[in-house]
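> sequence-free structure coming up:
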């Protein structure tokens, strides 16, 4: 029922069931704290009768703001980083609202996944607009998309869990986008030409982590599917 608060343990169990069995109570302290924050915000929004789809839509709009504001002279990258942070919060909270209010649906899961991919595309576009080479930005987006596509196809093929928590997961992409734009903004205050070089390095870090994470995932998928009955 909307507004009925699940205890943290009940919420964590429901969340794990929706995320391939990964229990947030066993996550690193920072991840666990972030998920508890999303849980409490989700409860408040549930009491206010805000639905998960509305939060997802707001998250997409925040992602669109990232490339739009990142090109502003002076404070553009800082504003872009702010919108990445807000979009990351919305991405965590929409699922929390769905779990807390008992409104999780398969269609909502699809919408949330589409919103995540669209949002990441907006972020790499922002990287390109700030100065990263187009080919490098495209590679960052493609590798991240391939990471999620491989996991989805593996689950369809019989893999029962998420396979592996890799270094290229979505929280990593959020951190790279946030940190990359912040550092690019700081570098731009020193010399406007430094912003492009800094965001290029951030994009390269994204590519390296996404590529390594994809390798980790492929290895886990191979092992899981070979061992499947």
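Yep, it's here. For clarity, every value in this text was computed on a predicted model and none was experimentally measured.

> what residue is smack in the middle of the chain?
Ranked by distance to the mean C-alpha position of the chain (Cα atoms, centre = their mean), the top residue is residue 170 at 3.7 Å.

> show me the helices in this structure, by range?
For the chain, the helices defined by DSSP state H occupy 8-18, 29-47, 52-70, 76-100, 106-130, 134-156, 170-190, 192-227.

> quick one: closest of these to residue 164.
helix 192-227 (3.6 Å; Cβ to Cβ). In short, each C-beta sits where N, CA and C put it, glycine included.

> list the helices and strands the closest one packs on?
Taking 3 or more Cβ pairs under 8 Å, 6 or more residues apart in numbering; DSSP states H and E as contact, the helices and strands that helix 192-227 lies on are helix 106-130, helix 134-156, helix 170-190.

> and the angle for that helix with helix 170-190?
Calculated by axes from the mean of the first three to the mean of the last three Cα atoms, to 10 degrees, helix 192-227 forms an angle of 170 degrees with helix 170-190.

> and the least confident helix or strand in the chain by mean pLDDT with helix 106-130, angle?
Using mean pLDDT, DSSP states H and E, the weakest-scoring helix or strand in the chain turns out to be helix 8-18, at a mean of 81. Angle, helix 8-18 to helix 106-130, by the same axes, to 10 degrees: 80 degrees.

> any low-confidence regions in the protein?
1-5, 20, 28, 30, 161-163, 228-229 (pLDDT under 70).
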